[in-house]
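> Build the 3D model from these lines:
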Amino acid sequence: MGIKKISIFFVCSVFFILLVLFTMPAFARFEGLIKSLDDYFSSDSGVVVSIDGNNITTDIGSEKGAYAGKVYKIYRDGVEIKHPITGVVLGKKKTYLGTVKINEVFDKYSIAELVEKKDEIKPSDSVVAEKPVRVDNNFIKFDKRIEFLLTDELNKSKALVYDKDSSIKLNYYQQENGVIKVDVVVGGNVVKTILFADVNVGDDRGKAYGATTDLVRSELFNLDLKTISVGKVFKDNFEYIVTADSSKVYIFKFNGDKFVQVAEIKGEFNNIQSVETIDLNKNGVDEIYISNIYENREARSYIYEIDDGGKFVRLGGSHPFLFRTIMSNGVKKLVSQRVSRDGNYLGAVTYFEWVGGEFRRGESIDNTEKVSLYGFGYSDIDGDGKKDILWVDDDFKLRVYKGKEEIYRSVEFFNKTPLYFLMNQEVLLKEQKGYGPADNPIELKQFRKYLKNRIFVNEKNEMFLLKNNPTFKALAMSENYSDSSIGRYVWQAKMIRRSWESDLFEPVIVDFYVVEKYGKYYAYAIRNTNPGDKGGLLKSLFNNAKSEILYIEIK
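Numbering: from 1, shown residues only. Just a heads-up that it's a prediction; the model follows:
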């Protein structure tokens, strides 16, 4: 086959694939719910039963969707309308007689008031609901993204049109069991409740199925973001995405469609490692905990919170340890750990708390002296009522401990990351002990403190972990990554098994955060095209760092 023929074949193939993709019907996630609403507001038609002055009795009761205040048109069928060629009856000519509004509703009939009369009305005349019906949509308890998607599909309804001034209110709620509840409210009374199961059917036996239910990607920001957290950091009860590069904290709001930057925090930061959000002082707004390494010598971390004037202010001075949030069987906790000038983690992982009107370290977690804060989790994953220590070690293998006994070590690598910090004192000590020059990158690699990602465990004992797949190059320090994914794992037969995995993202996710809302789980992640110190001088000169925020609805 000649080159010209191959080219024509290729072009035709691509055109065919694109044609198929563009002609495929779009997935309508809430099609069943929209149909239920359309049916309710469209199917109630009937006939006039009797007339008593301005009072019209119809055979449409509450069972067929009638309610007080609903408006109907009255018609009389006339002569048949036939197709001039085929002779097929297309329908009957209808004569408009008047409009009525329901005043009293019973199970199988209703009494309406005549509000407009064009001609005499008789029993057996047709009663038809006025269309489209104007309704006011109110999302009471709803994730912003789900609200955005449902609103888009509601706009395609054939029976409903949005009108914020309508007396008919549709109140939407997301329930903890994955069901969407819609109350039809007229005159302050609920006249109808519609339930829709917005759930995914899957295999609960540990088999991986499907991929991402819903995905939103931000624009590429000219930032070198390295960490992410999600919390209610403003006094408006919305969730915000808190991120940071090495020297500044950036706060974004997700409106269901886009990520919009709304604030930033500048402080005494020159090497931020991670940001965390949690409301320890129970004042209704999350504090922001900023873990920072000062001049590669020591931990100097900070706590910020929004004040009454809408500004982020620092609470107290600096703290000589690092912070990390964990999800312990669905409950968010804040833990901390010291790090020495020579690069060693000091002592046990310790809870951080608000006690006696001040922030301070609380109870330490038993048997955590030999683990590090990054890559740490603490939850009951096997359902025996006792919490297990979960830790991704320095070889990026997941270990599970019961007390001091290691009961599991993974074959797979988890929470790998290109991001790390390195303490100057440790470098000098290693040089003195004969490990080579302090600026030898090959030797220094083993002393890096990698920012291994979080381990989230929900109330169902399911674990969420990150997998970054490296592409090994000839140079030992290249550390390029081919792709990343977030997975959900369950403990089964004394080992972990994957039950869900997200799409693959290239080249690397540097951090992720899982939240639970209305019975569903969502992951927010930072994807970097050129993370950490990759790119060296060229990266600094041309500012070619790019970061993207991901929203992933977990199946």
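> From now on I want contacts and neighbour counts done on CA atoms only, so please keep to that.
Noted.
> where do the helices sit along the stretch 51-200 of the chain?
144-154 (DSSP state H, counting those that start in this stretch).
> sorry, that was for the chain
3-23, 31-42, 144-154, 424-432, 441-444, 536-542 (DSSP state H).
> give the contact list for residue 28.
residue 153 (Cα atoms under 8 Å, 6 or more residues apart in numbering).
> Now do the same contact list for residue 302.
With Cα under 8 Å, 6+ apart, residue 302 has these contacts: 289-292, 314-315, 317-319.
> what's the farthest-apart pair in the residues you listed?
Farthest pair in the contacts of residue 302 (Cα to Cα) is 292 and 315. Separation: 15.3 Å.
> When the two are compared, which one has more neighbours?
Taking neighbours as other Cα atoms under 10 Å, residue 292 and residue 315 compare with residue 292 leading, 29 against 15.
> distance of the closest residue to that one other than its chain neighbours from residue 304?
Take residue 292 and drop its neighbours on the chain: the residue closest to it by Cα to Cα, 6 or more residues apart in numbering is residue 272, 4.3 Å away. Distance, residue 272 to residue 304, by Cα to Cα, to the nearest Å: 14 Å.
> Need the overlap of contacts for the two.
Joint contacts of residue 272 and residue 304 (Cα under 8 Å, 6+ apart) are residue 290.
> neighbour count winner among those two?
For residue 272 versus residue 304, neighbours defined as other Cα under 10 Å are more numerous around residue 272 (24 against 20).
> what's near enough to touch that one?
With Cα under 8 Å, 6+ apart, residue 272 has these contacts: 244-248, 290-293.
> Just put those in JSON lines and tack on distance to residue 403 and pLDDT.
Shown next, in JSON lines, are these (distance: Cα to Cα, whole Å; pLDDT from 0 to 100):
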{"residue": "244", "distance to residue 403": "35", "pLDDT": "95"}
{"residue": "245", "distance to residue 403": "36", "pLDDT": "93"}
{"residue": "246", "distance to residue 403": "36", "pLDDT": "91"}
{"residue": "247", "distance to residue 403": "38", "pLDDT": "92"}
{"residue": "248", "distance to residue 403": "39", "pLDDT": "95"}
{"residue": "290", "distance to residue 403": "30", "pLDDT": "97"}
{"residue": "291", "distance to residue 403": "28", "pLDDT": "95"}
{"residue": "292", "distance to residue 403": "31", "pLDDT": "94"}
{"residue": "293", "distance to residue 403": "31", "pLDDT": "92"}
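> Can you tell me which of the residues you listed is closest to residue 140?
residue 244 (31.7 Å).
> Could you tell me how many residues sit around that closest one?
Neighbours of residue 244 (other Cα under 10 Å): 23.
> Report the beta-bridge partners for it.
residue 227, residue 249 (DSSP bridges).
> What does residue 176 show for phi and psi?
phi -70, psi -20 (degrees, to the nearest 10).
> dump the residue contacts of it.
517-520.
> which of the residues you listed tops the neighbour count?
Of all the contacts of residue 176, residue 520 has the most neighbours under the rule other Cα under 10 Å, reaching 18 neighbours.
> Show me what that one is bridged to.
Beta-bridge partners, per DSSP bridges, of residue 520: residue 517.
> gap between it and residue 415?
23 Å.
> ok, now residue 402?
For residue 402, the distance to residue 415 - Cα to Cα - is 21 Å.
> Wait, residue 44 touches residue 62, no?
No: applying Cα atoms under 8 Å as the test, residue 44 and residue 62 come out as separate, 9.4 Å apart.
> who's in contact with residue 78?
Residues near residue 78 by Cα under 8 Å, 6+ apart: 92-95.
> quick one: which of those residues is nearest residue 40?
Relative to residue 40, the closest of the contacts of residue 78 is residue 94; by Cα to Cα it sits at 23.5 Å.
> Please name the residues that touch the closest one.
75-78.
> coming back round to it: okay, and which of the contacts of residue 78 map to strands?
The strands, defined by DSSP state E, take in 92-95 from the contacts of residue 78.
> PyMOL command for the buried members of the contacts of residue 302?
Listed next is the PyMOL selection for buried residues among the contacts of residue 302, using 16 or more other Cα atoms under 10 Å:
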select buried, resi 289+290+291+292+314+318+319
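> Please tabulate the contacts of residue 302 in CSV, including the columns distance to residue 31.
Output for those, formatted as CSV (distance: Cα to Cα, whole Å):
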residue, distance to residue 31
289, 42
290, 44
291, 46
292, 48
314, 48
315, 49
317, 54
318, 53
319, 52
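> show me where pLDDT drops low in the stretch 351-500 of the chain?
The stretch 351-500 of the chain contains residues with pLDDT under 70 at 425-444, 472-479.
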